[in-house]
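In: Okay, sequence plus prediction incoming.
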Amino acid sequence: MAEHSPEPPELDESLVQRLAELAAEIDGSPESMADEMVAEFNSLAGTNTPYLEFQGISGGEDHEDYVRRVLIHQQTTADPTIGRNELIEMFRRVLAKPNDQTYLNFVLATIERTFGDDQVSNLIFWPGEYFGDGDDSRELTPEQMADAVLDRHQQKNS
């Protein structure tokens, strides 16, 4: 059984709202008019997000969801205490509640920072892309996902 279950950072809701407002204003604005807003966004979020990254957000996700993803990624650090059991629990929770974007973003950021695996979303949603064999039809268990992350990490570090 897992010794701890990592949880996403708590976000300051007033900060989320202000950053979402800024992102919405920047998205679609001419660059010359957005410089101060981009600077404010980056200052408040602790990021270095370029102007171009804001363009087209509304076509892919809600500005608030974008901000939450950015902040979770920014505030998530590597957790060297995570092992196979914790990974299994994290994947189990993601599969049980696939619409919990906050937790999903936290898991993706945690695994990227801890194991250096920035393709883990493919492992969950498009395993054929992750394994490079094109077979996206398979449904992996949380145990198989954990083993895949650990195997890839071991291969990178050997």
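Out: Cool, got the structure. Numbers count the residues shown, from 1 in each chain.
In: Considering only helices and strands, which part of the protein has the lowest mean pLDDT?
Out: helix 57-60 (a mean of 84; mean pLDDT, DSSP states H and E).
In: pLDDT score assigned to the residue nearest in space to the middle of the chain?
Out: Note on the chain: the residue nearest the mean C-alpha position is residue 105, at 3.4 Å, using CA atoms, centre = their mean. Listed pLDDT for residue 105 reads 95.
In: list the contacts for it?
Out: 8, 68-69, 72-73 (CB atoms under 8 Å, 6 or more residues apart in numbering). Using the backbone N, CA and C atoms, a C-beta is placed for each residue, glycine as well.
In: hmm, who's touching whatever helix or strand residue 121 lives in?
Out: Assigned by DSSP states H and E, residue 121 belongs to helix 120-125. Residues outside helix 120-125 that contact it (CB under 8 Å, 6+ apart) are 91, 94-95, 107-108, 111-112, 117, 129-130, 140, 145, 148-149.
In: ok, now with 6 Å
Out: Counting contacts by CB atoms under 6 Å, 6 or more residues apart in numbering, the residues outside helix 120-125 that touch it are 108, 111, 129-130, 145, 148.
In: and it, which residues are buried?
Out: Using 16 or more other CB atoms under 10 Å as the test for burial, helix 120-125 gives 120-124.
In: Pop the domain breakdown of the chain in here.
Out: 13-75, 84-156 (automatic domain parsing).
In: How far off centre is the shortest one?
Out: This means domain 13-75. 16 Å (CA atoms, centre = their mean, to the nearest Å).
In: and what of stretch 141-156?
Out: Here stretch 141-156 is found 18 Å from its chain centre; the criterion is CA atoms, centre = their mean.
In: Can I get that stretch in CSV, CA atoms only?
Out: The C-alpha trace of stretch 141-156 is given here as CSV (Å, rounded to 0.1, in the frame of the first residue of the first chain):
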residue,chain,number,x,y,z
THR,A,141,-3.9,-1.0,-15.9
PRO,A,142,-2.5,1.4,-13.3
GLU,A,143,0.2,-1.3,-12.6
GLN,A,144,1.2,-1.4,-16.2
MET,A,145,1.3,2.4,-16.4
ALA,A,146,3.5,2.6,-13.3
ASP,A,147,5.8,-0.1,-14.6
ALA,A,148,6.1,1.7,-18.0
VAL,A,149,7.1,5.0,-16.3
LEU,A,150,9.7,3.2,-14.1
ASP,A,151,11.0,1.2,-17.0
ARG,A,152,11.5,4.3,-19.2
HIS,A,153,13.1,6.1,-16.3
GLN,A,154,15.5,3.3,-15.7
GLN,A,155,16.4,3.1,-19.4
LYS,A,156,17.1,6.8,-19.5
